[in-house]
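Engineer: Okay, sequence plus prediction incoming.
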Amino acid sequence: MKHIIVKLIFLASLSLLLAACSSHAPSKGAADMPGAQGTFAFTPADWKKDTKTWWKDSDGIAPGVAGCHIGTNEKGEANGRVFGEACLENGLLVESNPAAGKVHSHTGDIGHPDTFNCNTWCIGNGKSQGQCVAVSGPAPCATSARCECK
């Protein structure tokens, strides 16, 4: 019985570890950038399940710039939906993509932003250190985040 419990605890721990490491490779635009950790599935607060939505990123993949992901229609006309970039609890920056001003779709209203280690990004760009900081967002986002380097 003790061996079964140990095996169950091991399998549960392994499942949690795999779930925590379920990010994908960095996006094409971020793949060669210092600090790029990979993408993950993101659903906005006002998620529209099973709906193809359209979005435009204000800054492209620019960890040093606070960005805003703006909901649009297929023609790029804003529809009032937005979300800013953010700092995760583990200190990584959530950096939306693909390119500044490019209208693109999210199947099922699920995006796949990149994550960045800001310290690695800053060092890779000639600075001594860095961290993710929450900041005011560019309009129409109220809040956003960026890598701040020293």
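Structural biologist: Received the coordinates, thanks.
Engineer: Burial check on Q131, number of neighbours?
Structural biologist: Using other Cβ atoms under 10 Å as the criterion, Q131 is surrounded by 15 other residues. C-beta here means a position set from N, CA and C on the backbone, and glycine is covered the same way.
Engineer: I meant to write A36 there.
Structural biologist: 23.
Engineer: Now do the contacts for it.
Structural biologist: Counting by Cβ atoms under 8 Å, 6 or more residues apart in numbering, A36 touches 26, 30, 114-116, 121.
Engineer: Any idea what it is bridged to?
Structural biologist: The bridge-partner assignment for A36, based on DSSP bridges, gives F116.
Engineer: So that it lines up with my notes, have the first residue be 339 from now on.
Structural biologist: That works, and once the first residue is 339, the last one we named lands at A374.
Engineer: So for it, what's the pLDDT?
Structural biologist: pLDDT, A374: 98.
Engineer: same question, K387
Structural biologist: We have a pLDDT of 95 for K387.
Engineer: Confirm for me that it is in contact with G446.
Structural biologist: Yes: in this structure, K387 is within contact of G446 by Cβ atoms under 8 Å, at 6.8 Å.
Engineer: Which one of those two is surrounded by more residues?
Structural biologist: Higher neighbour count among K387 and G446: G446, with 15 against 8, using other Cβ under 10 Å.
Engineer: Give the closest residue to that one in space, chain neighbours not counted.
Structural biologist: Nearest non-adjacent residue to G446, counting by Cβ to Cβ, 6 or more residues apart in numbering: D388, 6.0 Å away.
Engineer: Kindly provide the distance from the one you found to G449.
Structural biologist: Per Cβ to Cβ, to the nearest Å, D388 is found 15 Å from G449.
Engineer: When the two are compared, which one has more neighbours?
Structural biologist: Higher neighbour count among D388 and G449: G449, with 23 against 7, using other Cβ under 10 Å.
Engineer: need the contact list for that one.
Structural biologist: G449 makes contact with 379-382, 393, 407, 434, according to Cβ under 8 Å, 6+ apart.
Engineer: Sweet, I'm off.
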